[in-house]
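Undergrad: would you be able to build a 3D model of this:
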Amino acid sequence: IVIELRLEDQDALGLCTGIRSGDALDNPIILLAEEMDADRLAKVMNSGFNDYVLRPLDSNELLARCRTHVRRRRNQ
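TA: Numbers count the residues shown, from 1 in each chain. This is a model prediction of the structure:
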């Protein structure tokens, strides 16, 4: 699951919490953030996100991180 930190109509942290408490409990969640959000990332990462990718988005990096997390879940 990929979530944008700066959602317009919803709180990304609340969304993550909702996902973690529902049926998608074990799915990896990756956060998309801006460099200016760096000071918030420590707090955010303690809220249930598995990883993050900073913008400008490199699609190859995002794909590699997604594959890594899916592979980890399969191995567990």
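Undergrad: now do the strands in this protein.
TA: 2-4, 30-33, 51-54 (DSSP state E).
Undergrad: pull the residues that contact the last one.
TA: Contacts to strand 51-54, defined as C-beta atoms under 8 Å, 6 or more residues apart in numbering, come from residues 28, 30-35, 38, 41, 44-45, 61-62, 65, 69. No exception for glycine: its C-beta is placed from N, CA and C like everyone else's.
Undergrad: select from these the one having the most neighbours.
TA: Greatest neighbour count in those, by other C-beta atoms under 10 Å, goes to residue 31: 25 neighbours.
Undergrad: quick check: it touching residue 43?
TA: No. Using C-beta atoms under 8 Å, residue 31 is not in contact with residue 43, being 11.4 Å away.
Undergrad: for the most centrally placed residue in the chain, what are its contacts?
TA: Residue closest to the average C-alpha location in the chain (C-alpha atoms, centre = their mean): residue 30, at 2.1 Å. Residue 30 makes contacts with 1-3, 49-53, 62, 65-66, 69, as judged by C-beta under 8 Å, 6+ apart.
Undergrad: could you list the low-confidence segments of this structure?
TA: 24 (pLDDT under 70).
Undergrad: swap in 80 and give it another go.
TA: 23-25 (pLDDT under 80).
Undergrad: output the longest helix belonging to it.
TA: Criterion DSSP state H: the longest helix present in the chain is helix 59-75.
Undergrad: distance from that helix to the middle of the chain?
TA: Distance, stretch centre to chain centre, for helix 59-75: 12 Å (C-alpha atoms, centre = their mean, to the nearest Å).
Undergrad: could you do stretch 56-66 as well?
TA: Going by C-alpha atoms, centre = their mean, where stretch 56-66 is centred and where its chain is centred differ by 12 Å.
Undergrad: contacts for it, please.
TA: 2, 28, 30, 32, 51, 53.
Undergrad: hmm, back to that, closest one of the contacts of residue 30 to residue 9?
TA: residue 3 (13.1 Å; C-beta to C-beta).
Undergrad: what's near enough to touch the nearest residue to that closest one once chain neighbours are set aside?
TA: Ranked by C-beta to C-beta, 6 or more residues apart in numbering and with sequence neighbours excluded, the top spatial neighbour of residue 3 is residue 12, at 5.3 Å. Counting by C-beta under 8 Å, 6+ apart, residue 12 touches 3-6, 31, 44.
Undergrad: kind regards, and thank you for your time.
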